[in-house]
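S.K.: I'll drop the sequence and a predicted model, then ask my questions.
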Amino acid sequence: MLRLAAVGDLHVGVDSVGQLRESLVRLSDQADVLLLAGDLTKRGELAEVDVLVGELRELSVPVVAVLGNHDHESDQQRALTQRLLDVGVRMLEGSATVLEVGGTRLGIAGGKGFGGGFVGACATAFGEREMKVFANASMLAAAAMESAVRSLDTDLRVLLTHYAPIRGTLHGESPELYPLLGSYLFAELADRSRVDLLVHGHAHGGTEKGATPRGIPVRNVAQPVLRRPYAVYGVEPGRHAASRGGDRWVDAPVG
Amino acid sequence: MSAEPDPFLAEHIHEALSRDQRVNAPELRVTVEHGYVHVDGVIATEERKRAIADVVGEGWHELRLDDRTTIADFPPDGRIEVV
């Protein structure tokens, strides 16, 4: 069983030095990979990503990440991405990466994603230029992610986004905000491609657990939702297709 | 006679807490009622929590702040969920 640690919305700033390091100390004992679901920084400044790099320095597991909307605030997303790539973080934006862990090949595809809404209450690419740009942004992101997922010939496939793919993990947020929090397009591509797990952040007031219409587990790992430093999900090849039962919780060895 | 309360005030304060570089937290929830600004949600650091009071005080000194935010300092729980 592969153990995937995941968290989003860390919002690291220059005032965050030392804040994550302590909670990440034991992560390498508890998980094989760390997924970061966007909003890595407070306002997308290089000084902030340098703090994050420092916090991750002791970590001995691979780190895979996507950016979030906060990481775009200063319009330095390319430089941020490069800084993280330089220290070995695998950054995804409509792309995929493959890790081999204990003989299991894990494929992770992803990207930031965008809003647009969910079935029955969606923006469409019609009318003003601004509305077309808004609606098309999610469509383009989903198309790139689907292509990335389909490039993966691995034992397990995970889709990692910042924006939410379903309404289910938004419960607790104001419904008026849903179109700004995610898009059904990411769930649709996951169902079509039959990934094993979707992980996202962004919805601080939402709910951790949900599923796509085809029953693929979706987990909102925004840290304010988790109320723990990170979640750890155990994923086994083939388990998803065989069983869609309720959640099973087991105790992880500590220390 | 008191002035009519501004029905849009909560959103002006929310916008300020989103844009102000000391906070930058659009995820916070803001309501205004009976002279109080209620702010709720999780904020990443103590410094940013203090800055909420600064932003509200600088822009709306006539209101009192009810800061219900919590700082993101959560203990690990050691669980694994098998999905």
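M.R.: Happy to help now that I have it. Numbers count the residues shown, from 1 in each chain, chains lettered A, B, ... in the order given.
S.K.: Now name the helix or strand holding the residue of chain A found nearest chain B.
M.R.: Closest to chain B within chain A is A:Pro224: 3.6 Å, counting by CB to the nearest CB. (Each C-beta comes from the backbone N, C-alpha and C, glycine too.) Element membership for A:Pro224 (DSSP states H and E) is helix A:223-226.
S.K.: Need the CA coordinates for that helix. PDB is fine.
M.R.: Taking C-alpha atoms only, helix A:223-226 is exported to PDB below (Å, rounded to 0.1, in the frame of the first residue of the first chain):
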ATOM      1  CA  GLN A 223      -5.200  22.600   5.900                       C
ATOM      2  CA  PRO A 224      -8.100  24.500   7.600                       C
ATOM      3  CA  VAL A 225     -10.400  21.600   6.700                       C
ATOM      4  CA  LEU A 226      -8.000  18.900   7.800                       C
END
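S.K.: can you list the residues that contact that helix?
M.R.: By CB atoms under 8 Å, 6 or more residues apart in numbering or on different chains, the list of residues contacting helix A:223-226 from outside reads A:7-10, A:203-208, A:229-230, B:27, B:41-42, B:72, B:74.
S.K.: Take the residues you listed and keep only those in helices.
M.R.: Among the contacts of helix A:223-226, no member is found in helices (DSSP state H).
S.K.: so of the residues you listed, which ones are in strands?
M.R.: Among those, DSSP state E puts A:Val7, B:Val42 in strands.
S.K.: In ChimeraX, select just the buried ones from the contacts of helix A:223-226.
M.R.: This is the ChimeraX syntax for the buried subset of those, where burial follows 16 or more other CB atoms under 10 Å in any protein chain shown:
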select /A:7,8,9,10,203,204,205,206,207,208,229,230 /B:27,41,42,72,74
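S.K.: Which pLDDT value does the model give the closest residue to A:Arg219 other than its chain neighbours?
M.R.: Distance criterion CB to CB, 6 or more residues apart in numbering or on different chains; nearest residue to A:Arg219, sequence neighbours excluded, is A:Val199 at 5.3 Å. Looking at A:Val199, its pLDDT stands at 98.
S.K.: Each with direction, which strands does the helix or strand hosting A:Val199 pair with?
M.R.: Counting by DSSP H and E, the element that carries A:Val199 is strand A:197-200. If you go by DSSP bridges, strand A:197-200 pairs up with strand A:156-161 (parallel), strand A:217-220 (parallel).
S.K.: Quote the end-to-end distance of stretch A:103-118.
M.R.: 38 Å (CA to CA, to the nearest Å).
S.K.: again, but for stretch A:164-173
M.R.: One end of stretch A:164-173 to the other measures 12 Å (CA to CA).
S.K.: So is that stretch next to chain B?
M.R.: No. Judged by CB under 8 Å from any CB of the partner chain, stretch A:164-173 makes no contact with chain B; its nearest approach is 9.7 Å.
S.K.: Next, the buried residues of that stretch.
M.R.: Across stretch A:164-173, burial judged by 16+ other CB under 10 Å covers A:Ala164, A:Pro165, A:Ile166, A:Arg167, A:Gly168, A:Thr169, A:Leu170, A:Glu173.
S.K.: Surely the fourth one is in contact with A:Tyr178?
M.R.: Meaning A:Arg167. Yes. A:Arg167 lies in contact with A:Tyr178 (CB atoms under 8 Å); the separation is 6.4 Å.
S.K.: Low-confidence ranges, chain A, go.
M.R.: Applying pLDDT under 70 to chain A flags residues A:239-255.
S.K.: one more time with 50, if that's ok
M.R.: Along chain A, segments meeting pLDDT under 50 span A:242-255.
S.K.: ditto for chain B
M.R.: B:1.
S.K.: Tell me where it has helices.
M.R.: Using DSSP H, the helices assigned to chain B run over residues B:9-19, B:46-59.
S.K.: Ok, the stretch 1-150 of chain A next?
M.R.: A:21-24, A:27-30, A:46-56, A:77-86, A:129-150 (DSSP state H, counting those that start in this stretch).
S.K.: can you put those in TSV and add distance to chain B and mean neighbour count?
M.R.: Formatted as TSV, the helices of the stretch 1-150 of chain A follow (distance: least, CB to the nearest CB, whole Å; neighbours: other CB atoms under 10 Å in any protein chain shown):
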stretch	distance to chain B	mean neighbour count
helix A:21-24	6	16
helix A:27-30	7	18
helix A:46-56	10	19
helix A:77-86	15	16
helix A:129-150	17	17
